[in-house]
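Student: Give me a 3D structure for the following:
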Amino acid sequence: MTVATATQGRGSNRKVALIAAGGALAMLGLGYASVPLYRLFCQATGFNGTTQRSTAAQADSVKVTARPVRVRFDANVASGMPWQFRPEQVTQDGRIGERKMAFFIAKNTSAHPIIGRATFNVTPEQTGAYFHKIQCFCFNEQRLEPGQEVRMPVIYYVDPAMLDDANAKDIGEITLSYTFHEAAGTAPVPAAK
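Tutor: Residues are numbered from 1 along each chain as shown. Below is the predicted model of the structure:
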């Protein structure tokens, strides 16, 4: 092997190494971006039962139909979270396009403040693109003091566009489900000894 050939081989190896490193960095970046991108995709499409978010002005322009719809409410807490959480009523009847309000009750049963964050979805999944929340406790973290009980509203409507979707038009009942998780960094601080 000549010196020129060896030099060309090292240059080629460096080029391959740089391309591989660039590819690895790109994959790492996509890995970090995948969660927010997936969240945006679900919010835009209703994929996986993700509900939509609307303003009061947007809701005002929705035409209420004669078609009835029942919404069933489900409430859960993550394992180990010392809260009680339940819907004030299990079901609510209304009409597609009608703005409705439901309440959930949460109580901190621990001896320290806890900040909770609610995750949510609707089933059947194909209704997620049509289930719009105008106001919801799930939009923000909720801090409850020891023993504190709160009544939390959700204002919603089901978009009449659901009636034009062959996969969703015959659905008469939608389940709105929430699970409260303890927000990171809210564990009690041990007392100094």
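
Student: where does the chain have low pLDDT?
Tutor: Residues of the chain meeting the criterion pLDDT under 70: 1-11, 26-51, 185-193.

Student: the strands in it, which residues?
Tutor: Along the chain, the segments classed as strands by DSSP state E run 52-53, 68-77, 83-87, 91-95, 100-108, 114-123, 131-136, 142-144, 149-158, 173-182.

Student: could you redo those strands as CSV and give each row mean neighbour count and distance to A24?
Tutor: Backbone N, C-alpha and C define where each C-beta goes, glycine included. Shown next, in CSV, are these (neighbours: other CB atoms under 10 Å; distance: least, CB to CB, whole Å):
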stretch, mean neighbour count, distance to A24
strand 52-53, 16, 36
strand 68-77, 18, 39
strand 83-87, 17, 42
strand 91-95, 14, 51
strand 100-108, 17, 44
strand 114-123, 19, 32
strand 131-136, 19, 40
strand 142-144, 17, 40
strand 149-158, 18, 44
strand 173-182, 19, 32
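
Student: Let's have those strands in JSON lines, adding distance to D165.
Tutor: Rendered in JSON lines, the data for the strands of the chain read as follows (distance: least, CB to CB, whole Å):
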{"stretch": "strand 52-53", "distance to D165": "14"}
{"stretch": "strand 68-77", "distance to D165": "14"}
{"stretch": "strand 83-87", "distance to D165": "27"}
{"stretch": "strand 91-95", "distance to D165": "17"}
{"stretch": "strand 100-108", "distance to D165": "20"}
{"stretch": "strand 114-123", "distance to D165": "14"}
{"stretch": "strand 131-136", "distance to D165": "12"}
{"stretch": "strand 142-144", "distance to D165": "33"}
{"stretch": "strand 149-158", "distance to D165": "12"}
{"stretch": "strand 173-182", "distance to D165": "13"}
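
Student: right, and those strands - which one's nearest G23?
Tutor: strand 114-123 (33.6 Å; CB to CB).

Student: contacts for that closest one?
Tutor: Strand 114-123 is touched from outside by 48-51, 81-83, 106, 108, 128, 131, 136-138, 141-144, 174-183, 186, with contacts defined as CB atoms under 8 Å, 6 or more residues apart in numbering.

Student: Kindly format the C-alpha coordinates of that strand as PDB.
Tutor: The C-alpha coordinates for strand 114-123 follow below in PDB (Å, rounded to 0.1, in the frame of the first residue of the first chain):
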ATOM      1  CA  ILE A 114     -49.600  17.500  46.600                       C
ATOM      2  CA  ILE A 115     -49.600  18.800  43.000                       C
ATOM      3  CA  GLY A 116     -51.500  16.600  40.600                       C
ATOM      4  CA  ARG A 117     -51.700  16.600  36.800                       C
ATOM      5  CA  ALA A 118     -54.600  14.900  35.000                       C
ATOM      6  CA  THR A 119     -54.100  13.000  31.800                       C
ATOM      7  CA  PHE A 120     -57.200  12.200  29.800                       C
ATOM      8  CA  ASN A 121     -58.700  10.500  26.800                       C
ATOM      9  CA  VAL A 122     -62.100   9.600  25.300                       C
ATOM     10  CA  THR A 123     -63.400   6.300  24.000                       C
END
